[in-house]
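Novice: mind folding the following:
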Amino acid sequence: MLLQEDKVEEVMNTAIWNEQTLADLLTIEFLAAMFGNVLAAILILLVGFIAGGWVRRRLVSLGGKSKHLDITLFNFLGNVARYVVITFAFLFVLNTFGVQTTSFVAVVGAAGLAIGLALQGTLSNVAAGVMIVFFRPIKLGDFVEVGGQMGTIKEITLNFIELASPANVQIIIPNAQVWGNTIVNYSVYDTRRAEWTFGVGYGVNLQKAEQVIRDTIMADPRSQTAPEPFIQINNLNASSVDFLVRVWCSSADFFQYQADMKRRVKEALDAAGIDIPFPTRTIVQAKA
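Specialist: Take a look at the predicted model:
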């Protein structure tokens, strides 16, 4: 019995945390202090998350107040600010429990280096995402072509961009592939140049054919007169004389405008009796 009491007393007098014994930790004063620290930690974390969310919302709303400000950049800055506030909240919690934050930061730094070496591919996407956000070659709502994929940008994150294809299919492209590839952005400029090639027969009146093409295209209100439209004979094919037509229009109208003009010019040439040739082949049957 005495042996058991000695063992219990030895355990109770063993220092287990901050040079305090188990007996010290089981006192009412210590438990009350610990309970207070836990409540303080919960309160600090709650305030940290609320403050972080508030700072993020304020930055995002600031970016949305003017069309001259890039909302993508402010979304990124808002997320960074939120994580910074939450990180400081965790450091305050550690200080509340007596943890030396200097040593903790050193340990986190060493762990971060090891994790970084193991996640080089992911970090390259993050680095590319930072470059995309700050240099802004693309932004939300742009219609782009990246790495052979075409679509409207729906979201830009630190790891990837999300496109909606013309068929409304989601396309996810890692940022490293975006930053390392040629980016074709169709939404940067307000106007674009539409281009067509129309072939007519060798026997038609070329001046009349040119006038029909010009009148048909320029009658459309989407056709712009400046810069001046280009309508010239471009090529003499085996069975046709080809007119190259270049007309400027609004970028928003480009695809529908280009498709509409193909049909209207075809119908106008038919109505004017102007032949649109197509390759033919004559097969001569040999006599037996």
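
Novice: which residue ranges form the helices in the chain?
Specialist: Shown for the chain, the helices assigned by DSSP state H span residues 2-12, 22-25, 28-63, 71-96, 101-118, 120-135, 175-179, 206-218, 254-271.

Novice: read off the pLDDT value for the closest residue to Asp260 other than its chain neighbours.
Specialist: The shortest distance from Asp260 to any non-neighbouring residue, by Cβ to Cβ, 6 or more residues apart in numbering, is to Asp220 (7.2 Å). Where C-beta positions appear, they are placed from N, C-alpha and C, glycine not excepted. Looking at Asp220, its pLDDT reads 94.

Novice: just to check, Asp220 is in contact with Met261?
Specialist: Yes - assessed by Cβ atoms under 8 Å, Asp220 is found in contact with Met261 at 6.9 Å.

Novice: so these two - more neighbours on which side?
Specialist: Taking Asp220 and Met261 together and counting by other Cβ atoms under 10 Å, Met261 has the greater number of neighbours (22 against 14).

Novice: show the low-confidence segments of this structure, by residue range.
Specialist: 1-36, 63-73, 97-121, 279-288 (pLDDT under 70).

Novice: which strand residues bridge Phe152?
Specialist: Just so we're on the same page, residue 152 is Thr rather than Phe. Partner residues in beta bridges with Thr152, using DSSP bridges, are Phe143, Ala164.

Novice: thought it was touching Ala164?
Specialist: Yes - using Cβ under 8 Å, Thr152 is in contact with Ala164, at 4.9 Å.

Novice: more neighbours, those two?
Specialist: With other Cβ under 10 Å as the criterion, Thr152 and Ala164 differ in neighbour count, and Thr152 comes out ahead with 18 against 15.

Novice: residue contacts, the more buried one?
Specialist: For Thr152, the set of contacting residues under the criterion of Cβ atoms under 8 Å, 6 or more residues apart in numbering consists of Gly141, Asp142, Phe143, Val144, Leu163, Ala164.

Novice: buried ones among those?
Specialist: Asp142, Phe143, Val144, Leu163 (16 or more other Cβ atoms under 10 Å).

Novice: make sure the third one is actually in contact with Asn181.
Specialist: No - proximity of Val144 to Asn181 does not meet the contact threshold set by Cβ under 8 Å, at 10.7 Å.

Novice: coming back round to it: next one: the residue nearest to Asp260 relative to Glu195, how far apart?
Specialist: Taken as Cβ to Cβ, to the nearest Å, the spacing of Asp220 relative to Glu195 amounts to 15 Å.

Novice: need the contact list for Ile173.
Specialist: Taking Cβ under 8 Å, 6+ apart as the definition of contact, the neighbours of Ile173 are Val146, Gly147, Gln149, Phe160, Ile161, Leu163.

Novice: count the residues that sit near the fifth one.
Specialist: Applying other Cβ under 10 Å, we find 25 residues neighbouring Ile161.

Novice: likewise for the fourth one?
Specialist: With neighbours defined by other Cβ under 10 Å, the count for Phe160 comes to 19.

Novice: next: the first one.
Specialist: By the measure other Cβ under 10 Å, the count of residues near Val146 is 22.

Novice: ok, now the one 10 residues further on?
Specialist: Neighbourhood size, Ile156 [other Cβ under 10 Å]: 24.

Novice: ditto for Gln170
Specialist: The burial count assigned to Gln170 is 11, neighbours taken as other Cβ under 10 Å.

Novice: what bridges to it?
Specialist: Gln170 forms beta bridges with Ala164, as assigned by DSSP bridges.

Novice: stretch 223-238: end-to-end distance?
Specialist: As for stretch 223-238, its first-to-last residue distance stands at 31 Å under the measure Cα to Cα, to the nearest Å.

Novice: quick one: contacts of it?
Specialist: The set of residues external to stretch 223-238 that reach it, using Cβ under 8 Å, 6+ apart, is 191, 197, 199, 206, 210, 213-214, 217-218, 241-250, 257, 279.

Novice: now, of those, which are buried?
Specialist: Neighbour counting by 16+ other Cβ under 10 Å classes Gly199, Glu210, Ile213, Arg214, Ile217, Val241, Phe243, Val245, Val247, Trp248, Cys249, Tyr257 among the contacts of stretch 223-238 as buried.

Novice: so the second one is in contact with Leu244, correct?
Specialist: No - in this structure, Glu210 is not within contact of Leu244 by Cβ under 8 Å, at 11.1 Å.

Novice: would you pull up how far stretch 130-141 lies from the middle of the chain?
Specialist: Once both centres are worked out by Cα atoms, centre = their mean, to the nearest Å, stretch 130-141 turns out to sit 7 Å from its chain's centre.
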